[in-house]
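Enquirer: Turn this into a model:
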Amino acid sequence: MATEANTEEGSALVFHPLDQFIVKPLFTNDGVVHWYTPTNVTLWMALAVLGIVALFVIGTRGRAIVPTRVQSVAEVMYGFVYKMIEDVTGHDGVKYFPYIMTLFLFILFGNFLGLLPKSFTTTSHIAVTAVLGFGVFIVVTAIGFFKHGMHFLGLFWMSDAPLILRPIIAIIEVISYFVRPVSHSIRLAGNIMAGHAVIKVFAGFAAIAAISPVSVAAITAIYGLEVLVAFIQAYVFTILTCVYLKDALHPGH
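Expert: Residues are numbered from 1 along each chain as shown. As a prediction, the model looks like this:
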């Protein structure tokens with residue numbers, strides 16, 4: 001999360017809370033970004049991957065019976081996600097644990113790295129979260145058709161409803177299904193972006209001596225809230241993925 005100092009122009013305090021979300025090339029200053037250009041997004045996504053590798057590969061390489069602190073953290077995360085998948089989807093969903101675990105860890109590390117000073121929050125960009133959200137949508141839909149064929153469409157047909165209402169409910173269910181990836185991705189990006197923008201706004205007011213103590217206190221409180229939000233949003237994205245997977249595995253339930 002960028003924390004550049006704000007400036008005063010004349011008597012007006014000027015700050016730009018959304019500047020921290022600008023995608024910038026790493027090795028040039030022209031601001032031009034092509035599809036192959038390494039950017040700050042590339043850097044912080046790579047750091048998230050390296051953090052995951054450091055925790056789960058390097059941190060657990062000893063496989064000690066009495067685990068170290070790092071190994072304990074890795075084991076807690078592993079057990080937490082495994083139990084979530086098993087509780088929501090049933091035992092059939094456990095085979096998809098590697099995919100869901102990867103999603104959870106990438107979002108979690110991206111969120112927490114974004115709380116570091118001068119960092120960039122990759123999960124605040126809809127381009128990143130849309131890839132994750134639509135990826136889940138495509139994977140889950142493919143699993144549903146692969147396992148059940150055309151019977152997967154029974155997910156949209158409420159046989160328990162009155163016959164006259166079934167076509168209307170089916171239309172609503174289809175619309176709701178195709179809105180899933182949009183809401184899935186916007187929820188994550190919107191919540192992360194909003195919190196960081198609010199912190200930057202209060203940081204701008206910290207330049208005014210009269211309200212600086214209040215601003216600092218507000219920043220501290222919001223930052224603490226953002227630490228909680230960083231975990232909750234990773235959890236929400238993951239558990240919704242499990243719910244969607246359950247629909248694909250058991251469309252009749």
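
Enquirer: which element is the closest residue to residue 18 other than its chain neighbours on?
Expert: Nearest residue to residue 18, sequence neighbours excluded (Cβ to Cβ, 6 or more residues apart in numbering): residue 197, at 6.4 Å. C-betas here are computed from N, CA, C, even on glycine. In this structure, residue 197 sits in helix 166-205 according to DSSP states H and E.

Enquirer: buried stuff in that helix?
Expert: For helix 166-205, the neighbour count (16 or more other Cβ atoms under 10 Å) marks 170, 177, 180-181, 184-185, 187-189, 191-193, 195-196, 198-205 as buried.

Enquirer: can you list the weak-confidence ranges in the stretch 101-250 of the chain?
Expert: Within the stretch 101-250 of the chain, the ranges that satisfy pLDDT under 70 run 209-210.

Enquirer: how about a cut-off of 80?
Expert: 159-161, 204-212 (pLDDT under 80).

Enquirer: Show me the strands in it, by range?
Expert: For the stretch 101-250 of the chain, applying DSSP state E, counting those that start in this stretch gives no strands.

Enquirer: can you give me the helices for it?
Expert: Residue ranges of the helices in the stretch 101-250 of the chain, as given by DSSP state H, counting those that start in this stretch, are 126-148, 166-205, 212-249.

Enquirer: could you check the angle helix 212-249 makes with the shortest one?
Expert: In this case it means helix 126-148. Helix 126-148 and helix 212-249 meet at an angle of 20 degrees, taking axes from the mean of the first three to the mean of the last three Cα atoms, to 10 degrees as the criterion.

Enquirer: Can you list the helices and strands that helix 126-148 packs against?
Expert: Judged by 3 or more Cβ pairs under 8 Å, 6 or more residues apart in numbering; DSSP states H and E, the packing partners of helix 126-148 are helix 97-113, helix 166-205, helix 212-249.

Enquirer: Dump those helices into CSV; add distance to residue 130 as well.
Expert: Below are the helices and strands packed on helix 126-148 laid out as CSV (distance: least, Cβ to Cβ, whole Å):
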stretch, distance to residue 130
helix 97-113, 13
helix 166-205, 4
helix 212-249, 12
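
Enquirer: for these, which one sits closest to residue 47?
Expert: helix 97-113 (6.0 Å; Cβ to Cβ).

Enquirer: Checking residue 95 next. Helix, strand or coil?
Expert: Put simply, residue 95 is helix when judged by DSSP: H, G, I helix; E, B strand; the rest coil.

Enquirer: number of nearby residues for it?
Expert: 11 (other Cβ atoms under 10 Å).

Enquirer: and what of residue 211?
Expert: By the criterion of other Cβ under 10 Å, residue 211 has 13 neighbours.

Enquirer: Ok, residue 142 next?
Expert: Other residues within reach of residue 142, judged by other Cβ under 10 Å, total 11.

Enquirer: One more: residue 136?
Expert: By other Cβ under 10 Å, 23 other residues sit near residue 136.

Enquirer: what sits against it?
Expert: Residue 136 makes contact with 103, 181, 184, 241, 244, according to Cβ atoms under 8 Å, 6 or more residues apart in numbering.

Enquirer: how close does it sit to residue 59?
Expert: In this view, residue 136 and residue 59 are 27 Å apart by Cβ to Cβ, to the nearest Å.

Enquirer: Also residue 164?
Expert: Taking Cβ to Cβ, one finds residue 164 at 59 Å from residue 59.

Enquirer: Sweet, I'm off.
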